[in-house]
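Engineer: Here's my sequence, what's the structure:
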Amino acid sequence: MIFYFMSGESDSKIMVFRNSDVKKTVAFVPRGHRHIRLYIEVNGMKIILQEATVAAIVRAYVNIKTHPTRQAYELVSQRLMQRKEGYAEYQLMESTRDEDEILMDMEKIIG
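Structural biologist: Numbering: from 1, shown residues only. Coordinates of the predicted model:
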């Protein structure tokens, strides 16, 4: 695991997990539930992501990977009062920020 500390914000840390840091991942539907969870075990930390979060991450990944020029895709949390049945109240939705602005912010974070 690699930690990056942002200048001026010593209490803020960014964790970068290499493939070798991930000890185990499990995708599963808990008994009595309908939605997938993703369990990730990283260096003693145990993380469970709900299906809506995993779906948003996959959507962002696919949008960059399959697009001939896209380099950044930002999703931001929004509370949806109207939504399809079975969808979470809070969703990660595409932001309206310019791709260059997103890239500049991320480059500042990773140095």
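
Engineer: Read off the pLDDT value for Gly8.
Structural biologist: Reported pLDDT at Gly8 in the predicted model: 54.

Engineer: On the secondary structure side, give me the element for the residue most central in space within the chain.
Structural biologist: The geometric centre of the chain, computed from its C-alpha atoms, lies nearest to Ile57 (CA atoms, centre = their mean), at 4.8 Å. Using DSSP states H and E, the secondary-structure element containing Ile57 is helix 51-65.

Engineer: Equivalent analysis for Ala27, please.
Structural biologist: strand 22-28.

Engineer: For the helix holding Ile57, give me every contacting residue.
Structural biologist: Counting contacts by CB atoms under 8 Å, 6 or more residues apart in numbering, the residues outside helix 51-65 that touch it are 35-38, 49, 70-75, 87-88, 90-92. Just so you know, the C-beta spots here come from the backbone N, C-alpha and C atoms, and that holds for glycine as well.

Engineer: Just want to check the distance between the residue nearest to the centre of the chain and Met81.
Structural biologist: Between Ile57 and Met81 the distance, using CB to CB, to the nearest Å, works out to 24 Å.

Engineer: Confidence-wise, which helix or strand of this protein is lowest on average?
Structural biologist: Comparing helices and strands within the chain by mean pLDDT, DSSP states H and E singles out strand 2-5 as the least confident, with a mean of 53.

Engineer: so what strands line up beside the helix or strand that comes right after that one?
Structural biologist: Counting by DSSP H and E, the element after strand 2-5 in chain order, helix or strand, is strand 13-16. Paired neighbours of strand 13-16 in the sheet (DSSP bridges): strand 2-5 (antiparallel).

Engineer: In this protein, where is pLDDT below threshold?
Structural biologist: Low-confidence segments of the chain, defined by pLDDT under 70: 1-12.

Engineer: secondary structure class for the residue of the chain most remote from its centre?
Structural biologist: Outermost residue of the chain with respect to the C-alpha centroid, by CA atoms, centre = their mean, is Gly32; its distance is 25.8 Å. When the structure is split into helix, strand and coil by DSSP: H, G, I helix; E, B strand; the rest coil, Gly32 lands in coil.

Engineer: That one and Ile102, how far apart?
Structural biologist: To Ile102, Gly32 is 39 Å away according to CB to CB.
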